[in-house]
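# model this:
(one chain, ligands or ions: 1)
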Amino acid sequence: MAAESWLLEAEGLSKRFGGLQAVQDVRLQVAEGTITGLIGPNGAGKSTLFALLSNFLKADAGKVRFRGRAIEKLQPYQLAQLGLVRTFQVARSLSRLTVLENMLLGGQQQRGEKFWQVWLHPQAIRRQEQELRDRAFSLLSDVGLAAKAQDYAGSLSGGQRKLLEMARALMAQPQLVLLDEPAAGVNPALIEKICDHIQTWNQQGISFLIIEHNMDVIMSLCDRVWVLAEGKNLVDGPPAQIQQDEQVLAAYLGLELA
Ligand SMILES: Nc1ncnc2c1ncn2[C@@H]1O[C@H](COP(=O)(O)OP(=O)(O)OP(=O)(O)O)[C@@H](O)[C@H]1O
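Numbers count the residues shown, from 1 in each chain. A predicted model of the protein is given here:
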């Protein structure tokens, strides 16, 4: 595939924490319209790579291009404006906001508006706010959380928080969502629902890069899977191939992939 047709492309990414090389010379590509998996044993560097791809951490070396554009110098909110967002766990501070307030924050990161814009165009801002609320309610009803809009996010179950995290990311109307362990701590029935939502959004044109330890989720959702081990690329390929790859099985030291 020609370089310009990758939605997201990283090469030579490295990050060291003190004496620990967490990510070393890593390469990764996400094709437009796909669901791409990122797997690897604990400590393989997946979360660090996510933080590097979304500019929450600065790389020691390497390049990241999104839609053909170098993005290293952009702030995370500017990345969101370009169409690249990542999910965040509903942290303690956000637990004390309502579900709706969490959603509106997700929309805010896309706008990055200046004080003078608010002052000069109050009606336009009010209209935008109404649009944000409408979008928030539409997404909340998609994921079955509309009735909980006024509840504190902290009162949601683990699975409902995951749904809120995903819906909040979609408030920015992204092209690519980096999803951090969407199935972690979620009961099996809700995992199935979460997978259905991801597939539906993907059919609507949103691409995903997903870190996940639940191999059923990775194998059923992903078009391509990248494997990291000890901070480096191990292999990448279609899920069925990855599932049987001996290097991958060895890296997991006997943990079952199937
Ligand atoms: N801020 C940090 N400071 C120091 N070391 C860190 C930091 N963040 C991560 N590490 C270390 O870097 C290595 C890679 O961690 P990372 O969280 O990226 O792995 P991971 O593949 O996401 O693991 P897991 O599946 O357990 O979440 C680990 O050894 C971790 O302890």
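# burial count for Arg168?
Per other CB atoms under 10 Å, the neighbour tally for Arg168 reads 26. C-betas here are computed from N, CA, C, even on glycine.
# for the closest residue to it other than its chain neighbours, give me its contacts.
Of all residues not flanking Arg168 in the chain, Gly106 sits nearest, at 3.6 Å (CB to CB, 6 or more residues apart in numbering). When contacts are counted by CB atoms under 8 Å, 6 or more residues apart in numbering, Gly106 touches 167-172.
# cool, and Val186?
Contacts of Val186 by CB under 8 Å, 6+ apart are 158-159, 162, 194.
# counting neighbours, which of those comes out on top?
The most crowded member of the contacts of Val186, judged by other CB under 10 Å, is Lys162 (28 neighbours).
# just to check, that one is in contact with Ile194?
Yes - because the distance of 6.0 Å satisfies CB atoms under 8 Å, Lys162 is recorded as touching Ile194.
# setting aside sequence neighbours, what's the nearest residue to Arg67?
Nearest non-adjacent residue to Arg67, counting by CB to CB, 6+ apart: Leu7, 6.4 Å away.
# what is the burial count for the one you found?
Neighbours around Leu7, by other CB under 10 Å: 21.
# ramachandran angles for it?
phi -70, psi -50 (degrees, to the nearest 10).
# what do you get for Met166?
Phi and psi for Met166, reported as degrees, to the nearest 10, are phi -70, psi -40.
# now do the same contact list for the residue nearest to Arg67.
The neighbours of Leu7, taking CB under 8 Å, 6+ apart as the test, are 30-33, 66-67, 175-176, 207.
# can you do 7 Å?
With contact set as CB atoms under 7 Å, 6 or more residues apart in numbering, Leu7 has these partners: 30-32, 67, 175-176, 207.
# may I have the predicted confidence score for Met215?
Met215 carries a pLDDT score of 91 in this model.
# any idea how far it is from the ligand?
13 Å (CB to the nearest ligand atom, to the nearest Å).
# do Leu100 as well
In this structure, Leu100 and the ligand are 30 Å apart, going by CB to the nearest ligand atom.
# same question for His213.
For His213 relative to the ligand (CB to the nearest ligand atom), the value is 7 Å.
# what of Glu165?
Between Glu165 and the ligand the distance, using CB to the nearest ligand atom, works out to 16 Å.
# my guess is that residue meets Arg86, correct?
No - under the criterion of CB atoms under 7 Å, Glu165 is not in contact with Arg86, lying 9.7 Å apart.
# so where do the strands sit in the stretch 51-200 of the chain?
61-66, 69-70, 84-86, 176-180 (DSSP state E, counting those that start in this stretch).
# any regions of the stretch 1-150 of the chain where pLDDT drops low?
Residue ranges of the stretch 1-150 of the chain with pLDDT under 70: 1-4, 89-93, 108-122.
# as CSV, the strands of the stretch 51-200 of the chain with mean neighbour count and distance to the ligand would be great.
As requested, the strands of the stretch 51-200 of the chain are exported to CSV (neighbours: other CB atoms under 10 Å; distance: least, CB to the nearest ligand atom, whole Å):
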stretch, mean neighbour count, distance to the ligand
strand 61-66, 18, 15
strand 69-70, 10, 23
strand 84-86, 26, 13
strand 176-180, 23, 9
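# for Met219, which of those strands is the nearest?
Each of the strands of the stretch 51-200 of the chain has some distance to Met219 by CB to CB; the shortest is strand 176-180, at 15.6 Å.
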